[in-house]
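A.B. asks: Based on what follows, work out the 3D shape:
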Amino acid sequence: MKASETSLRNLLEGGKQFQIPLFQRPYSWKEENWETLWEDLMSLYNDDEKGFYFLGPIVTQAELGTADGISRYIVIDGQQRFTTLSILLAALRNYLKKSDKQIAEQIHEFFLINKYQKNDDFYKVLPTQDDCDAYKSIIDNKTPKARNKESQSGSIHKAYKFFDDKLKKPFADEDILLDFAKFKNIILERLVLVNITSDNNDNPYLIFESLNNKGEELTQADLVRNYIFMKLPSEERDEVYNNEWLPLQESFKLNMKQKEYADELTKAFWFYLRKDGEAVNEKAVYKSIKQRFDESAKRFEKPELGIKAELQNVIKFTNYYLRLNFDHEEQEPKLKHWFQRLKKLDFTTCHIFLLNIYYEYEAKHLSIQDFEKILQYLESYFVRRWIVGIPTRALGITFNNLYKQVKEKNPEDLVDGLRKVLISFEKTQVFPDDKLFC
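C.D. replies: Next up, the predicted model:
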C-alpha cells in the first residue's frame, strides 16, 4: 500500500473515477456533519485557520485502466467525505451559473465529470446502488424523482439543499457574498487528504473489514452483504445484487421503518443459522454466516459457485422468515390465518422450526393440511404452557433442535414426528397434558 498527502484537486483532475462498492453503506452524513464541514471551510476562508486543513484519509484500490483512458479506483474508506465534497462542488457550480459561468463550467468539467465518456464512466464519483440515481440527478442538475426524496438516498438531496442554502447566505448575520474563486480554491487545494492506495492483489473487503473492526458503523446485516458480494466475481456482483439481494432487502424496507430493517434482516439471518440446531449468539451472526459461506465455497471446484448456492439458500429461507413475520406477505389464506394467530400470541420463537417446515411445504413434501396440523400443535404447546405458568426461557433451545428431533422420530411423517417429540418433553420443555392443564 502507498500513502501520499494530496488535495481534492489532485484526486479528481484527469480521467478518473472513484467507485463506491457494494460493501459500503449508503450515504449517511447528516446536518451536524455538513455543518462541521461548512464551519471548517469558513474558518479557512476567514483566515481563522492558516495553511491547510487535514480532512482525513481516503483509502482506495486502483483497478486496471480502461482502453479509453479512465483510471478507476474503489473507495474502501472515506466515501462519506468524498461524496459530500462532490455534492458541495455541484451546489457551488449551480450557484455560479448565473454569475460566473466560466468557473461553473470549470468545476463541472474538471471535477465532477469525465467530459467525453458515456454512461457511468461520465461521473468522477459513482456512489453505491442505493445512492446512484439521486447522486446522478444532482450532477446532471435534474429534478430528483419523487421516490428518491423520501428514500434513504434522500440524504443526498438534503446534503445538496444544505449547501445550496449556505451558498445563498454564507454569513448568518450579513448579506455578504463569498469570493467564489477563493472559496473554490479552498475546497480544491486547502483541504488535505491522505490518499492510501492498495495494490491490485490486495483484497479490498479485508482492508475495509480491518478499518471497521469495531463494528460501530455497520450492522451485522451490512457485514453479511459486504462479505458475500466481495466473494463473488466482480463481473457478477451487479447482476446478483439487482436480481437476488435487492428485492429481498426492499421487501424488508417496505415492512418497517428505514432504520429498523437492517436489525430485522439480521434477526432473519440469525434464525436461519439456528434452524438446524446450531447454537449461535445474535451478535455473532456475521461471523457464523461468513464461516458457512467459506465452507460452502470449499465444496465446489469453483468457489464462486458455492457462494452463489449458499446465497440462494439464505435468500430462500429469509423470504420464509418474511412471510412468517409479516403475514400480508403470505399468499395462502390458511397459512396467513395461522401466522396472524402466532403473532398475536407473541410466539415467534417457533419460527426457527417453521423455516424448515415452510421449506418442506414449498418443496411439496408437506400438504397444506399437515402444515396446519403442525401449526395447531405449536399453538397448543405454547398456550398450555402459558396458562399453567411455565417460563419461556427454554424455548429458544427447544426450537433450535426441534426439526432435527422430529426428523429422527419420523422422517416420513412430520406431523406424527412432532406429536411424538412434544409429548416426550419433560421438565422445562414439557407439553402440559390434560391432567396438568386442568
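
A.B. asks: Show me the shaky parts of the stretch 101-250 of the chain.
C.D. replies: For the stretch 101-250 of the chain, residues meeting the criterion pLDDT under 70 lie at 143-153, 172-174, 198-218, 234.

A.B. asks: Mind doing that once more with 80?
C.D. replies: 129-130, 142-153, 170-177, 196-219, 222-223, 226-227, 229-231, 233-235, 237-238 (pLDDT under 80).

A.B. asks: Okay, strands next: where are they in it?
C.D. replies: 125-126, 191-198 (DSSP state E, counting those that start in this stretch).

A.B. asks: Quick one, which of the ones you listed gets closest to Tyr320.
C.D. replies: Tyr320 sits nearest to strand 125-126 of all the strands of the stretch 101-250 of the chain, at 34.9 Å, using CB to CB. C-betas here are computed from N, CA, C, even on glycine.

A.B. asks: what does that closest one contact?
C.D. replies: Gln17, Phe18, Gln19, Ile20, Phe82, Thr83, Ser86, Leu112, Asp120, Cys132, Tyr135 (CB atoms under 8 Å, 6 or more residues apart in numbering).

A.B. asks: go on, stretch 106-117?
C.D. replies: The contact list for stretch 106-117, computed with CB under 8 Å, 6+ apart, reads 8-9, 12-13, 15-17, 68, 70, 86, 89-90, 92-93, 96, 121-125, 139, 184, 188.

A.B. asks: got the residue ranges for the strands in the stretch 251-400 of the chain?
C.D. replies: Going by DSSP E, counting those that start in this stretch, the stretch 251-400 of the chain shows no strands.

A.B. asks: low-scoring stretches of it, by residue?
C.D. replies: The model of the stretch 251-400 of the chain has pLDDT under 80 over residues 256-259, 392-394.

A.B. asks: hey, where'd the helices end up in it?
C.D. replies: 261-274, 285-298, 303-325, 333-344, 351-362, 368-388, 395-409 (DSSP state H, counting those that start in this stretch).

A.B. asks: ok so, going back, out of the strands of the stretch 101-250 of the chain, indicate the one that is most buried.
C.D. replies: strand 125-126 (a mean of 21; mean count of other CB atoms under 10 Å).

A.B. asks: How about exporting the longest strand anywhere in the chain as CSV, limited to the C-alpha atoms?
C.D. replies: Scanning the chain for the longest strand, with DSSP state E as the assignment, gives strand 53-62. C-alpha atoms of strand 53-62 as CSV (Å, rounded to 0.1, in the frame of the first residue of the first chain):
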residue,chain,number,x,y,z
TYR,A,53,-6.9,21.7,6.9
PHE,A,54,-6.5,17.9,7.3
LEU,A,55,-9.7,16.2,6.3
GLY,A,56,-8.7,12.6,6.9
PRO,A,57,-7.7,9.6,4.9
ILE,A,58,-9.1,8.3,1.7
VAL,A,59,-8.4,4.6,1.2
THR,A,60,-8.7,3.4,-2.4
GLN,A,61,-7.7,0.5,-4.6
ALA,A,62,-6.5,1.1,-8.1
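
A.B. asks: Partner strands of it and their direction?
C.D. replies: Paired strands of strand 53-62, with direction, are strand 71-77 (antiparallel), strand 191-198 (parallel) (DSSP bridges).

A.B. asks: just so I know, which of those lies nearest Ala284?
C.D. replies: Of all the strands paired with strand 53-62, it is strand 71-77 that lies closest to Ala284, at 24.4 Å by CB to CB.

A.B. asks: these two touch, right, Thr83 and Tyr135?
C.D. replies: Yes. Judged on CB atoms under 8 Å, Thr83 makes contact with Tyr135 at a distance of 7.1 Å.

A.B. asks: contacting residues for Glu244?
C.D. replies: Contacts of Glu244 (CB under 8 Å, 6+ apart): Leu311, Gln312, Ile315.

A.B. asks: Distance check, it against Leu342.
C.D. replies: 28 Å (CB to CB, to the nearest Å).

A.B. asks: same question, Ile423
C.D. replies: 21 Å.

A.B. asks: Name the residue in those two with the higher neighbour count.
C.D. replies: More crowded of Ile423 and Leu342, by other CB atoms under 10 Å: Leu342, with 21 against 12.

A.B. asks: ok now do that one, which residues does it touch?
C.D. replies: Leu324, Thr348, Cys350, Leu375, Leu378, Glu379.

A.B. asks: Go again with 7 Å.
C.D. replies: Residues in contact with Leu342 (CB atoms under 7 Å, 6 or more residues apart in numbering) are Thr348, Cys350, Glu379.

A.B. asks: out of the residues you listed, which is most surrounded?
C.D. replies: Neighbour counts for the contacts of Leu342 (other CB under 10 Å) peak at Cys350, which has 22 neighbours.

A.B. asks: Number of residues surrounding the nearest residue to it once chain neighbours are set aside?
C.D. replies: Of all residues not flanking Cys350 in the chain, Leu378 sits nearest, at 5.0 Å (CB to CB, 6 or more residues apart in numbering). By the criterion of other CB under 10 Å, Leu378 has 23 neighbours.

A.B. asks: Am I right that Glu5 is in a strand?
C.D. replies: Yes. Checked against DSSP: H, G, I helix; E, B strand; the rest coil, Glu5 lies within a strand.

A.B. asks: That one pairs with what?
C.D. replies: Residues in beta-bridge contact with Glu5 (DSSP bridges): Val194.

A.B. asks: Tell me how many other residues surround it.
C.D. replies: 11.

A.B. asks: and it, how far is that from Gly56?
C.D. replies: 12 Å.
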